Structures are given as structure tokens and as C-alpha cells.
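>>> Would you be able to build a 3D model of this:
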Amino acid sequence: MTPLVHVCTQRVLPAELMRFQSTETHLGRPRAIAVLGKLWMNGSTLRVRFMGGTPEQQAKVREQAAWWTAHANLTFDFNGASDAEIRVAFDPTKGAWSYVGTDCRGIPMDQPTMNLGFMDGGTVAHEFGHAIGLMHEHQNPAGGIEWNEAAVIHDLSGPPNNWSEATIRHNVLNKYRVDQINGTAFDPDSVMLYFFPNTWVKSGVGTHANPTLSTHDKAFIGSARAYPKAAPPVVNAKEVKVGATRRTSASIGQFGEEDLFQFSVADGGGHIVDTRGSTDVVMKLFGPDSPTAVIAEDDDSGVDTNALIRADLIPGRYYVQVRHYNRANGVGKYTVKVRRA
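Got it, this is the predicted structure:
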């Protein structure tokens with residue numbers, strides 16, 4: 001008899017549920033309709049609010065969340081703020097799930113962004129992995145797992161998950177495309193990989209439970225692809241003046257480097273933030289008065305491979321994050337400017 005398997009649901013925003021995935025190419029490289037881009041700004045402090053839970057449960061959350069911050073340039077502040085980025089519920093009837101990375105900011109403040117209906121093994125660490133932008137390891141395109149789909153659908157349709165076939169495909173069977181993820185080769189020891197029984201895999205060899213972060217988990221989350229501790233903190237972001245005559249010069253000098261800028265808006269209205277130069281960059285805009293609230297992200301809307309974001313901004317302080325499109329080996333000079341639209 002197949003053992004009962006607890007598997008979490010990786011929640012997506014409603015706008016993404018029915019989104020087709022393009023395989024068109026742009027400038028010789030694969031491109032998706034929407035860049036995944038759900039990592040928080042490096043160096044962010046993410047506030048956490050408990051929506052229930054016993055003292056013991058809350059203590060376990062604090063313990064396992066710290067497994068990530070020991071290696072990543074992130075901080076979890078369990079201050080219970082009403083507008084906390086991460087809001088944790090403990091409803092035993094709703095399984096374990098989390099929204100992914102910056103998607104958490106799109107959820108109404110009176111609703112949880114994570115539920116810990118079960119907390120066995122490394123479940124808490126797994127869900128906090130989602131909360132900081134990580135995906136299911138078994139859906140890694142480099143995973144090589146060939147599923148016995150009939151067995152997977154049969155078992156997950158019943159207790160304790162009781163999932164629909166669409167949910168099963170989204171959370172287990174479907175793999176990401178290579179251009180959708182920023183990752184590494186498949187890691188069989190990752191805390192982001194659940195136990196799957198032998199009957200679910202065509203080879204007859206399933207996966208094992210991973211109750212702690214693997215060596216690769218620790219290395220990846222602290223690498224230039226995720227949250228390197230060597231990167232400058234948000235408070236050191238370079239100041240850019242709105243409407244400045246000269247563009248601000250900058251450079252991606254190291255692989256995976258992220259440059260941070262900040263500017264103030266005194267009078268609300270339309271604004272344009274763009275880059276210029278021969279370096280292929282990706283840009284994110286955060287605010288107002290928050291380095292974790294993503295307003296927009298862009299890759300190639302500017303001149304050639306430059307980024308351009310056009311947005312209506314209210315008075316406040318805003319933050320801009322710029323990185324090379326190619327995190328692995330991209331460097332180069334560019335300029336950035338903020339102006340009224």
C-alpha cells in the first residue's frame with residue numbers, strides 16, 4: 001500500500017493561473033511572457049505576523065526560518081506588524097502552503113500568505129523557502145524525474161491532500177522551463193524536495209525526505225543568484241535625483257552583482273525610470289517607502305536591451321534594483337535616470 005504523503009501547495013496569484021507560457025525568442029534567447037522574478041530585494045527585512053498557533057508552533061517557525069537567514073542576506077522580524085510581508089496561519093484542515101516570494105505583497109493584509117497545517121520534519125523551512133522565492137525542487141527542469149502519472153494522481157486525489165488533477169499537475173507533475181527559473185542542477189537532498197514513494201516514479205526509485213537544508217540549499221541561497229551577504233544593504237543605495245540633467249553612471253562589476261538606487265518623489269504623478277548603454281540589464285522598482293513592495297519589473301522595454309519602467313508614483317521614497325540579465329557571467333557599464341513622464 002502506498003504510504004500517505006504530505007505535499008505542500010505552491011500558491012500562485014490568480015492572474016497567473018490562466019497565463020499561457022510563450023516560447024518565443026527575443027534577441028536570440030528564450031523569453032517568457034512574465035519573468036518569474038519573485039526574489040525580494042537583497043538585504044531586505046521581512047516582517048512576520050502569526051495568525052494563531054501555539055507558543056511551541058511559533059517557536060518552531062522562528063527556529064527553522066533562521067536556517068535560511070544564517071546563509072542569506074535577509075532578516076526575519078517577528079514583530080506581528082499588521083502589514084507584515086509574511087503572515088502565518090496554522091489551520092490543520094488546509095495543509096501546508098505558501099505564496100512565492102514577492103507575491104506575498106499581493107495578498108490582502110487580513111489573509112495569510114502561508115499556512116502550516118502540518119509541521120513535520122523540515123516543513124516550516126520548506127514553506128519559508130517558498131516565501132523567499134524558491135520553487136519545488138522536483139519541478140526543476142534538470143530533475144529528470146519521470147512520473148507514474150496515474151499513480152500520482154490517484155494517491156493525491158485522496159487523503160490527506162484531496163487535490164484536483166489541476167492542482168496535482170501544478171504542484172507535482174509539471175516542470176518549469178529553463179528560462180523560468182534561476183537555479184542549479186537537481187538537488188536530491190534539498191529541503192525543497194519532498195518524499196515521494198517508489199510507486200510514483202517510473203524507475204521505481206522515489207525520493208527521500210529532507211528535514212534540513214542541504215549543502216546546495218545553503219550555497220545557493222547565499223550566492224550571487226539569490227541573497228549574497230557581501231552585497232550592499234538597502235540603506236546604502238545610491239541617491240538619484242529626479243529630473244537630473246546628467247544620467248547616473250554605474251557598472252555591474254562582478255557576476256551576480258545587484259546595484260541599488262533610491263530617489264524621492266515630492267509631487268505625485270507619472271515617472272519614468274530607465275537605463276541606457278550596451279549592458280543587458282533587468283530592473284525592479286520598489287516603494288513607496290518600502291524596499292519590499294514591488295511596483296514593477298522590466299527587462300527590455302527600453303532602448304535595445306535596456307530596461308524601462310513607467311509608473312504613476314505618489315510622494316515617498318522609492319528604490320531601484322538593477323542586475324545583469326545573465327547572473328552567471330554578465331558584467332558591464334550602464335546609466336540610469338529618473339524623470340517625470
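>>> Any regions of this protein where pLDDT drops low?
Along the chain, segments meeting pLDDT under 70 span 1-37, 137-144, 175-186, 231-233, 328.
>>> and the spatially most central residue of it, what is it in contact with?
The chain has residue 133 as the residue nearest its centroid, 2.2 Å off, counting by Cα atoms, centre = their mean. If you count contacts by Cβ atoms under 8 Å, 6 or more residues apart in numbering, residue 133 has them with 38-40, 100-102, 226. The way it works is simple: take the backbone N, C-alpha and C, and place the C-beta from them, glycine included.
>>> most surrounded residue in these?
residue 40 (27 neighbours; other Cβ atoms under 10 Å).
>>> What ranges does the stretch 1-150 of the chain have for its strands?
For the stretch 1-150 of the chain, the strands defined by DSSP state E, counting those that start in this stretch occupy 9-11, 25-26, 29-30, 45-51, 75-77, 86-89, 96-99, 114-116.
>>> Closest to residue 153 out of the contacts of residue 133?
When the contacts of residue 133 are ranked by distance to residue 153 (Cβ to Cβ), residue 100 comes first, at 23.5 Å.
>>> Using the neighbour-count criterion, name the buried positions in stretch 151-158.
151-153, 155-156 (16 or more other Cβ atoms under 10 Å).
>>> try stretch 104-120
Buried-residue list, stretch 104-120, by 16+ other Cβ under 10 Å: 104-105, 107, 112-117, 119.
>>> Determine how far the last residue of that stretch lies from the first.
End-to-end distance for stretch 104-120: 23 Å, by Cα to Cα, to the nearest Å.
>>> How about stretch 87-103?
12 Å.
>>> residues of that stretch that come out buried?
87-90, 95-103.
>>> Which strands or helices does the host helix or strand of residue 321 pack on?
Here residue 321 is covered by strand 316-324, with elements defined by DSSP states H and E. Packing contacts for strand 316-324, counted by 3 or more Cβ pairs under 8 Å, 6 or more residues apart in numbering; DSSP states H and E, involve strand 248-252, strand 258-265, strand 281-286, strand 332-340.
>>> and of these, who's closest to residue 190?
Of those, nearest to residue 190 by Cβ to Cβ is strand 258-265, at 23.7 Å.
>>> who does that closest one touch, helix- and strand-wise?
Short answer (3+ Cβ pairs under 8 Å, 6+ apart): strand 258-265 packs on strand 238-239, strand 248-252, strand 316-324.
>>> Switch the contacts of residue 133 over to a markdown table; also include distance to residue 62.
Below are those laid out as a markdown table (distance: Cβ to Cβ, whole Å):
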| residue | distance to residue 62 |
| --- | --- |
| 38 | 23 |
| 39 | 22 |
| 40 | 19 |
| 100 | 21 |
| 101 | 20 |
| 102 | 22 |
| 226 | 21 |
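>>> Closest to residue 294 out of those?
residue 102 (4.7 Å).
>>> So the closest one versus residue 304, what's the distance?
27 Å (Cβ to Cβ, to the nearest Å).
>>> Also residue 218?
Distance, residue 218 to residue 304, using Cβ to Cβ: 38 Å.
>>> more neighbours, those two?
Neighbour count, other Cβ under 10 Å: between residue 218 and residue 304, residue 218 has more, with 17 against 11.
>>> Excluding chain neighbours, what is closest to the more buried one?
Spatial nearest neighbour of residue 218, excluding adjacent residues (Cβ to Cβ, 6 or more residues apart in numbering): residue 71 at 4.6 Å.
>>> count of neighbours near that neighbour?
19.
>>> That one touches residue 214, doesn't it?
No - using Cβ atoms under 8 Å as the test, residue 71 is too far from residue 214 to be in contact (11.3 Å).
>>> Out of the helices and strands packed on strand 258-265, the one nearest residue 336 is which?
Each of the helices and strands packed on strand 258-265 has some distance to residue 336 by Cβ to Cβ; the shortest is strand 248-252, at 5.1 Å.
>>> Many thanks, we can stop here.
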